[in-house]
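> pasting the structure only:
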């Protein structure tokens, strides 16, 4: 007899086909036609990947053929995306999935033509800027309408509704309420701005999608096709499955690993969740908690460098700092967020007394400890050897270093394949098959070590050769293509089994599949960056950003915390239903300037990267927040539980991520800004990790035993002190001392590399408003003079007696992004006070308080608890 609970769970269950359909409709398109249509779609996707590889390679400039400028490349990029959006995404739920209707072919062709209009008529448009013809207007209007329809199919209604609201605002500005009214724009001006210039649809966001994002998404797709995703999952299970709550801990690590190469939280859920969620349920996790762990871990994959759901490359353009700096600043918050989720999983296992899965062979404790020590030492030695040998090779070989590294990579690849060929092949397990014991850790880890080589190649190109992100991704992708083609035949050769011709053919099939999958994964991202360009274009055309700033300032009453909470809530609302890329473009365009301007007027001076990460984190929270979060819905389908309940649980698990932006806004050391030495780096990492774990313990009501209310309150106090020690020190000592503005040149010249300078300015803005605010000047590398150092950030100043004025601000520079304008006067400079003790002294009472909580709970933790019998797996 079926119990009511079983029937309820079955009602939420999703089949494998339904799960694949969710991923397809969200990421690659739900249509899977057959025959000639399937071949045409495959060839179009293949052509898009080859086009992107061509424009990223050095060949066009070396050969002098098929060279495209940025605007032409963006137009072709969008043409591919729009064409595939209409062909791959059905219009309605009842639309056919096994063939493409005639009307969709017509829309695809028309949309591709309108998108490619800037490429096809580039020379003619350049001769008449701002004077569109009837044909120009027709292409712009039809193109914009078709883009919105493509966005509806690929991204859903939220993105379309948001874009339409902003378009209405452009054309009906005079009829808006007085607080947000503006002069409005004619159809000719609005459409030209949106479609025929690089201020709207074909703006920076689409440019980043064309230049950077496609290559990294393709790189991830090729890695996944080669088998890296399965390797990461199995490695995590074999390493952690024996621990308390092991499958859940493995889910966290596997999601973090696949998040490195994935741009989609939904795909991350389905890739790892189909295997980890059933395992979590088997060892004792409640279905909604198993789904919530996977959803929270998968969404956090979007904040994990190097891809960050493609937002990392957009930050390069919007913040104006190198890609390597973005990665450096984003790394620690992502790491401690995963550490805290790992700890939450451990606490859940303690509360429910959930045990791990048995190992295949149980070694004595001393032997396991010795093996672990040798493994850790080996990894440390290997990492050190790679780091120092790479630098040494560059120093000795100079321009030939790339060739030397390529030969070393090739030799290492062959050696690792020979090693892997001696071990059984890793195959994808059936999640419905009971797992009675864990796979051996050593053989699993050794079979896929060569998957790490393309990542090392990417790091080499970025960090040592200092190539652009696009060129670095190109060479890493070419290496990945080489691996896809050769791994099967080389393994077959070493094993002495199988036909080499068949293995080689299978390798080329894998390559074709990876190139097509990479392009189809980019459809939604390409459409999202173009559609989000409508919001960006509206801000540049109407000045709505200033209105939002005034609104938040008025509602918050100048209170910093209230302002940040208000911005966080608005970002959460704006992010609902949007994919990661569009999400970041929208919240950074609308809300990042609000934090900068309102914060500057209240003395909150933080680097732009901190502000952009703040709004990005809260935009992403929408991915797990009911009722919209698709990641929670997909995880609930695997776990056979209520998606709303799973989403609520995932939201509570994700609170440890939500607290981080508030902390790094006030303590930028969490972004590794101002960290001067290795001791300070280690202290920052350790205290931040402990702080986030204590926040998790406080919100979960469990530390080493079930917490009482006052103990949770003390843990929250520990969390706050470790995250923001300067808060308490500022009460005892003033943090800054004021310096006369005439000292600006001397301070700029003497400041160390990558230092920042707190400067207060006032004056009359271009809009006629009185401005009095602070800015944090990023000084970058040292220069021959103060003027040269300031000029690099786009700022020119002049001294007139006791006054220092802004003489000029370069368009598009960092100085302009900070809100500086010509004619502003520098009124004061603030330097850290020499009399103030280091804020890190506050860590001592924080850890003493933590020890007190531990001592209070220790007697309760010692009491014998009833032990649940080990679950049947």
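Arrived safely, thanks for sending. What you see is a predicted model, and the numbers here were worked out from it, not measured in a lab.

> And the residue nearest the centre of the protein?
Centroid check for the chain by CA atoms, centre = their mean gives residue 308 as the closest residue, at 1.7 Å.

> doesn't residue 300 make contact with that one?
No. Using CB atoms under 8 Å, residue 308 makes no contact with residue 300, being 10.6 Å away. Backbone N, C-alpha and C define where each C-beta goes, glycine included.

> helix or strand for residue 417, which one?
Per DSSP states H and E, residue 417 falls inside helix 401-421.

> which helices and strands does that helix pack with?
Secondary-structure packing of helix 401-421 (3 or more CB pairs under 8 Å, 6 or more residues apart in numbering; DSSP states H and E): helix 365-397, helix 441-447, helix 452-459, helix 469-495.

> Just the angle for that helix relative to helix 469-495, thanks.
Relative orientation of helix 401-421 versus helix 469-495 (axes from the mean of the first three to the mean of the last three CA atoms, to 10 degrees): 40 degrees.

> if we can go back for a sec, so what's the residue nearest to the centre of the chain up against?
Contact partners of residue 308, counting by CB atoms under 8 Å, 6 or more residues apart in numbering, are 302, 330, 580, 616.

> so how far is residue 175 from it?
From residue 308 across to residue 175, the span is 40 Å (CB to CB, to the nearest Å).

> now swap in residue 284 and tell me
If you go by CB to CB, the gap between residue 284 and residue 175 works out to 60 Å.

> Of the two, which one has the most company?
Taking other CB atoms under 10 Å, residue 284 and residue 175 do not tie; residue 284 has more neighbours (21 against 9).

> which non-adjacent residue is nearest the more buried one?
residue 354 (4.2 Å; CB to CB, 6 or more residues apart in numbering).

> is it true that that neighbour touches residue 281?
No. The criterion here is CB under 8 Å, and residue 354 misses it with residue 281 at 10.7 Å.

> sorry, back to before: can you mark which positions in the helix holding residue 417 are buried?
Residues of helix 401-421 classed as buried: 401, 402, 405, 409, 413, 416, 417, 420, 421 (neighbour count, 16 or more other CB atoms under 10 Å).

> Residue 62: how many residues sit nearby?
8.

> Looks to me like it is in a strand.
No. Under DSSP: H, G, I helix; E, B strand; the rest coil, residue 62 sits outside any strand and is assigned helix.

> For it, give its distance to residue 54.
Distance of residue 62 to residue 54, computed by CB to CB: 12 Å.

> With residue 393 instead?
Distance, residue 393 to residue 54, by CB to CB: 30 Å.

> Between the two, point out the one with more neighbours.
Legend: neighbour count by other CB under 10 Å for residue 393 and residue 54, higher for residue 393 (18 against 14).

> pretty sure that one contacts residue 406?
No. Counting by CB under 8 Å, residue 393 sits too far from residue 406 to count as a contact (11.1 Å).

> Which pLDDT value belongs to residue 824?
The confidence metric pLDDT takes the value 91 at residue 824.

> Contact partners for it?
Residue 824 makes contact with 761, 762, 763, 771, 805, 806 under the criterion CB under 8 Å, 6+ apart.

> Just the closest of these to residue 534, please.
Distance to residue 534, by CB to CB, is smallest for residue 771 among these, at 29.3 Å.

> Now residue 639: closest residue in space, sequence neighbours ignored.
Excluding the flanking residues, the one nearest residue 639 by CB to CB, 6+ apart is residue 291, at 3.8 Å.

> Measure how buried residue 736 is and give me the count.
Counted with other CB under 10 Å, residues neighbouring residue 736 total 15.

> Also residue 524?
For residue 524, the neighbour count with other CB under 10 Å is 32.

> For it, what are phi and psi?
With angles defined as degrees, to the nearest 10, residue 524 sits at phi -60, psi -40.

> Surely it and residue 583 touch.
No. With contact defined as CB under 8 Å, residue 524 does not reach residue 583; the gap is 12.0 Å.

> what sits in contact with each of the two?
In terms of CB under 8 Å, 6+ apart, residue 524 and residue 583 are not both contacted by any residue.

> what about the helices in the stretch 551-700 of the chain?
In the stretch 551-700 of the chain, the helices defined using DSSP state H, counting those that start in this stretch lie at 560-575, 580-590, 592-601, 608-620, 630-639, 643-653, 655-666, 678-700.

> other SSEs contacting the fifth one?
Going back to what we said before, that points to helix 630-639. Helix 630-639 packs on helix 16-23, helix 265-283, helix 287-300, helix 643-653, going by 3+ CB pairs under 8 Å, 6+ apart.

> now the angle between helix 265-283 and the third one, please.
Think helix 287-300. Interaxial angle of helix 287-300 relative to helix 265-283 (the same axes, to 10 degrees): 150 degrees.

> who's in contact with residue 662?
residue 564.

> Secondary structure class of the residue nearest to residue 284, three-state.
Once three-state DSSP is applied, residue 354 turns out coil.

> Distance check, it against residue 289.
Noted for residue 354: a distance of 10 Å to residue 289, by CB to CB.

> Least reliable of the helices of the stretch 551-700 of the chain by average pLDDT, please.
helix 630-639 (a mean of 77).

> starting at the chain centroid, how far to that one?
21 Å (CA atoms, centre = their mean, to the nearest Å).

> what does stretch 738-750 give?
Centre-to-centre, stretch 738-750 and its host chain are 38 Å apart (CA atoms, centre = their mean).

> on that earlier part again, would you turn the buried residues of helix 401-421 into a markdown table with distance to residue 40 and pLDDT?
What follows is the buried residues of helix 401-421, written out as a markdown table (distance: CB to CB, whole Å; pLDDT from 0 to 100):
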| residue | distance to residue 40 | pLDDT |
| --- | --- | --- |
| 401 | 44 | 73 |
| 402 | 39 | 74 |
| 405 | 40 | 81 |
| 409 | 37 | 87 |
| 413 | 35 | 91 |
| 416 | 39 | 89 |
| 417 | 36 | 91 |
| 420 | 37 | 87 |
| 421 | 38 | 87 |
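
> what would these look like in CSV with distance to residue 469?
Formatted as CSV, these follow (distance: CB to CB, whole Å):
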residue, distance to residue 469
401, 19
402, 17
405, 18
409, 20
413, 23
416, 26
417, 28
420, 30
421, 34
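
> circling back: distance check, the residue nearest to residue 639 against residue 636.
Taking CB to CB, one finds residue 291 at 5 Å from residue 636.

> before we move on, the earlier item: find the residues that touch each one of residue 354 and residue 289.
Shared contacts of residue 354 and residue 289 (CB under 8 Å, 6+ apart): residue 348.
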